[in-house]
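**Student:** No sequence on hand, only this structure:
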């Protein structure tokens, strides 16, 4: 520094430090700004919704409008709960996973094995495009395929299919990326032991990349938890718990939409939304823990 | 051009006949023919890019992992050409140890040693497995250090210990030949010297073929040496003769540091 | 790494050449002395020869050291290794040649019978000239990588042995025609030779001991007085 001063350059270090501080302040302010919507949402949901959440809320089915109207008029807590939505959501998520996970992982493996090949590149591009397709369009397609031709009517199956197509690109991409990150040395070590290639994939690559694959799956699930539009065209909704996949089923987001539209049950939207947010939050935390533990 | 300064080897462990390995049009290994003597340590040395690793990996057909590689010629074990056998069988006759220690991270030390069996779906009784694990770890002088943590994953081991674990993993399968590709390049001098001692000890029961870019290492532990340059086998002979009195001027230049 | 090794090897070659020249100088002096046939050696010449001898001893120790250092630091291989190992072997012999030259000078001073000496000085000088030539050629064969010179030297050793035998017989014949005297003298010469050989065994034992001290302490105590 002294040498620089001797050479005639002015000491600009204090100016630089002030500039640094300015940038720091800007960064902090903008970060808070970005974080604020989430914080405000959570605050509002908790404030409005905590009163409704109870064991009954989780176990009972949606009330009908009259019961709700009476309760609101009487200033009482709206009876019933969203059990049908909860079971519906779980049912459809499990089915969507059963479809999307095998297909997604196998596709991911295929892409990993065939880097640079024309067909693989095309497949990868299609998966990317699929990710951008509006969810309602996917709902329409599922309506055409399943509602019209398979189950002859709205069904949980149709809902699951549309959700699985939404999950697919995420799983494909995370599988491929996870596998790419595994050092080639492990593959070579397994091969040098005389392991047939398919076993190398099944017993070495997949277990080693397990946390990466799981993260991809959990992210996919957390995405479809809140999807509403495709379910409106496929699962339709139901006022009772339904476990028959060929029949219309409810889901939490569907219920939120229904509550919103029914003036008597508006009060329930906050608690339902809160529950949904809690589920998504839990899923995110779990997937992060898994990723950390496996490191 | 090969200079053979030794008598013909009867009953070699491995017989390489006119082996050529090419990437697209590039010949990485050209027309190499040599017999490897049983129960010796044979070092393959040469400057970078001379084809030594390619040659080693051709011996257990590792190149089939990649697409654009073509191989010609024969490699005979017990008079059978390895290219006429299923690749899996070839790889079970030869264990391979790589430059970077690579124990399977999702498996415990115990499971790593018997990984060869597990990955191939070969079921063993617990007693057999215990025996194999103990014997292999004893052979690599790792047993005392890990016998109380067999079921922990191997990532707490030092580089040298991990490499010895990888050797144990190769030994567990009872191969005849062990191929090592610069096994001590990533290790510190003490770990290196432990592994060198191990290899000299192992040659009693196995045939060791070792690729090294460190000619002092080749001098220290090998009985026979192969010198490769630009894909060709230039000279092959007893190490002590090759290092004091090389036959080919290129070998001389490599040893005195003029090439490579 | 090769740069330092090449420098070290070059230094060894240069030092070796210097040492060779010193020895060859000594041999020149010897040739002159024997050719002149003088029994008196001037103090100057004696001095020069003595100083040279000390130089040779010092240079030899230094060069041995350099060779050992080069081996441990640079691990020369193949022809480079052979070269400095040969250099090491030659050093030992060169040093002995120096010693022998000094000894011969001392022997000249001890001769009490000038007439006898004069009769032999010509042959002695021819032998010396040939020996000196052999040393010169053999050293050159090493420094210039010349095989022919080396072979010439080896072949000439036989010639020299023959000349040696003939000279000894001639020497004994000069002492009179009586057989008894001749047998006496022959026996005396033989016994003297036996003594010399036994003495040389002791010398070699000393060399072995000096080498042992080098192995134990790392000190080369040749040409030094033992400090105790």
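**Tutor:** Perfect, thanks for sending it. As the structure is a computational prediction, the values presented were derived from the model and not from experiment.
**Student:** how about the nearest residue to the residue nearest to the spatial centre of chain B, chain neighbours excluded?
**Tutor:** Closest residue to the average C-alpha location of chain B: residue B:179 at 1.6 Å, with CA atoms, centre = their mean. Leaving aside its chain neighbours, residue B:179 sits nearest to residue B:96 (4.6 Å; criterion: CB to CB, 6 or more residues apart in numbering or on different chains). All C-beta atoms are positioned from the backbone trio N, CA, C, and that covers glycine.
**Student:** For stretch B:9-26, buried residues please.
**Tutor:** For stretch B:9-26, the neighbour count (16 or more other CB atoms under 10 Å in any protein chain shown) marks B:9, B:12-16, B:19-22 as buried.
**Student:** returning to what we had before: now for the residue nearest to residue B:179: which residues touch it?
**Tutor:** Residues near residue B:96 by CB atoms under 8 Å, 6 or more residues apart in numbering or on different chains: A:188-189, A:192, B:60, B:62, B:170, B:178-181.
**Student:** For residue B:161, see how far away it is.
**Tutor:** 19 Å (CB to CB, to the nearest Å).
**Student:** Just list what the helix or strand hosting residue B:252 packs against, helices and strands only.
**Tutor:** Assigned by DSSP states H and E, residue B:252 belongs to helix B:249-255. Using 3 or more CB pairs under 8 Å, 6 or more residues apart in numbering or on different chains; DSSP states H and E as the contact definition, the elements that helix B:249-255 packs against are strand B:224-229, strand B:232-238, helix C:78-110.
**Student:** which residues touch the closest residue to chain C within chain A?
**Tutor:** Across chain A, the shortest distance to chain C (CB to the nearest CB) belongs to residue A:185, at 30.0 Å. Applying CB under 8 Å, 6+ apart, we find residue A:185 in contact with B:98, B:100, B:102.
**Student:** tell me which of those is nearest to chain A?
**Tutor:** residue B:102 (4.0 Å).
**Student:** Checking that closest one next. Helix, strand or coil?
**Tutor:** Under DSSP: H, G, I helix; E, B strand; the rest coil, the three-state class of residue B:102 is coil.
**Student:** Run a quick neighbour tally on it.
**Tutor:** 22 (other CB atoms under 10 Å in any protein chain shown).
**Student:** Let me see the backbone angles for it.
**Tutor:** Residue B:102 adopts backbone torsions of phi -130, psi 60, taken as degrees, to the nearest 10.
**Student:** need the contact list for it.
**Tutor:** Listed by CB under 8 Å, 6+ apart, the contact set of residue B:102 reads A:183, A:185-186, A:188-189, B:166.
**Student:** Distance from the longest helix seen in chain C to the middle of the chain?
**Tutor:** Longest helix in chain C by number of residues (criterion: DSSP state H): helix C:179-217. Distance of helix C:179-217 from the chain centroid (CA atoms, centre = their mean, to the nearest Å) equals 16 Å.
**Student:** any idea of the angle it forms with helix C:78-110?
**Tutor:** Going by axes from the mean of the first three to the mean of the last three CA atoms, to 10 degrees, helix C:179-217 is angled at 130 degrees with respect to helix C:78-110.
**Student:** buried sites along helix C:179-217?
**Tutor:** By neighbour count, with 16+ other CB under 10 Å as the criterion, the buried positions of helix C:179-217 are C:185, C:210.
**Student:** where does chain B come near chain A, residue by residue?
**Tutor:** B:60, B:62, B:65, B:88-92, B:95-96, B:98, B:100, B:102, B:104-106, B:115-116, B:118-121, B:166, B:169-170, B:173 (CB under 8 Å from any CB of the partner chain).
**Student:** can you tell me the helix or strand for residue B:29?
**Tutor:** strand B:26-36.
**Student:** What lies in contact with that strand?
**Tutor:** Residues contacting strand B:26-36 (CB under 8 Å, 6+ apart): B:2, B:8-9, B:12-22, B:42, B:51, B:54-55, B:58, B:73, B:177, B:207, B:209, B:224, B:226, B:228, B:231-233, B:236.
**Student:** For the stretch 1-150 of chain B, just list every one of the helices.
**Tutor:** Ranges of helices in the stretch 1-150 of chain B, per DSSP state H, counting those that start in this stretch, are B:52-59, B:87-93, B:109-113, B:115-119, B:126-139, B:143-146.
**Student:** tell me what the longest one is packed against?
**Tutor:** Taking 3+ CB pairs under 8 Å, 6+ apart as contact, the helices and strands that helix B:126-139 lies on are helix B:109-113, helix B:143-146, helix B:159-171.
**Student:** ok, back up a step: tell me which entries of the contacts of residue B:102 lie within helices.
**Tutor:** Per DSSP H, the contacts of residue B:102 map to helices at A:185-186, A:188-189, B:166.
**Student:** In JSON lines: these, plus distance to residue A:69 and pLDDT.
**Tutor:** Listed next are those as JSON lines, based on distance: CB to CB, whole Å; pLDDT from 0 to 100:
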{"residue": "A:185", "distance to residue A:69": "68", "pLDDT": "90"}
{"residue": "A:186", "distance to residue A:69": "64", "pLDDT": "91"}
{"residue": "A:188", "distance to residue A:69": "70", "pLDDT": "92"}
{"residue": "A:189", "distance to residue A:69": "69", "pLDDT": "93"}
{"residue": "B:166", "distance to residue A:69": "73", "pLDDT": "95"}
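**Student:** List only those of the residues you listed flagged as buried.
**Tutor:** Here, 16+ other CB under 10 Å leaves A:186, A:188-189, B:166 buried among the ones in helices among the contacts of residue B:102.
**Student:** out of those residues, which one sits closest to residue B:245?
**Tutor:** Distances from residue B:245 to these, taken as CB to CB, are shortest for residue B:166 (36.1 Å).
**Student:** quick one, what contacts the residue most central in space within chain C?
**Tutor:** Taking CA atoms, centre = their mean, the centroid of chain C lies closest to residue C:97, which sits 0.7 Å from it. With contact taken as CB under 8 Å, 6+ apart, residue C:97 is in contact with C:23, C:26-27, C:135.
**Student:** same thing but at 7 Å, please
**Tutor:** C:23, C:135 (CB atoms under 7 Å, 6 or more residues apart in numbering or on different chains).
**Student:** Read off the pLDDT value for it.
**Tutor:** Predicted confidence (pLDDT) at residue C:97: the value is 93.
**Student:** Now do the helix or strand encompassing residue C:171 against helix C:179-217, angle only.
**Tutor:** Taking DSSP H and E as the criterion, residue C:171 maps to helix C:147-173. Here the directions of helix C:147-173 and helix C:179-217 differ by 140 degrees (the same axes, to 10 degrees).
**Student:** and helix C:147-173, average pLDDT?
**Tutor:** The model assigns helix C:147-173 a mean pLDDT of 87.
**Student:** and that helix, what does it pack onto?
**Tutor:** When contacts are defined as 3 or more CB pairs under 7 Å, 6 or more residues apart in numbering or on different chains; DSSP states H and E, helix C:147-173 packs onto helix C:114-143, helix C:179-217.
**Student:** And whichever strand or helix holds residue A:102, what does it pack against?
**Tutor:** Using DSSP H and E, residue A:102 maps to helix A:83-113. Under the contact definition 3+ CB pairs under 7 Å, 6+ apart, helix A:83-113 sits against helix A:55-59, helix A:118-132, helix A:156-181, helix A:210-224, helix A:252-261.
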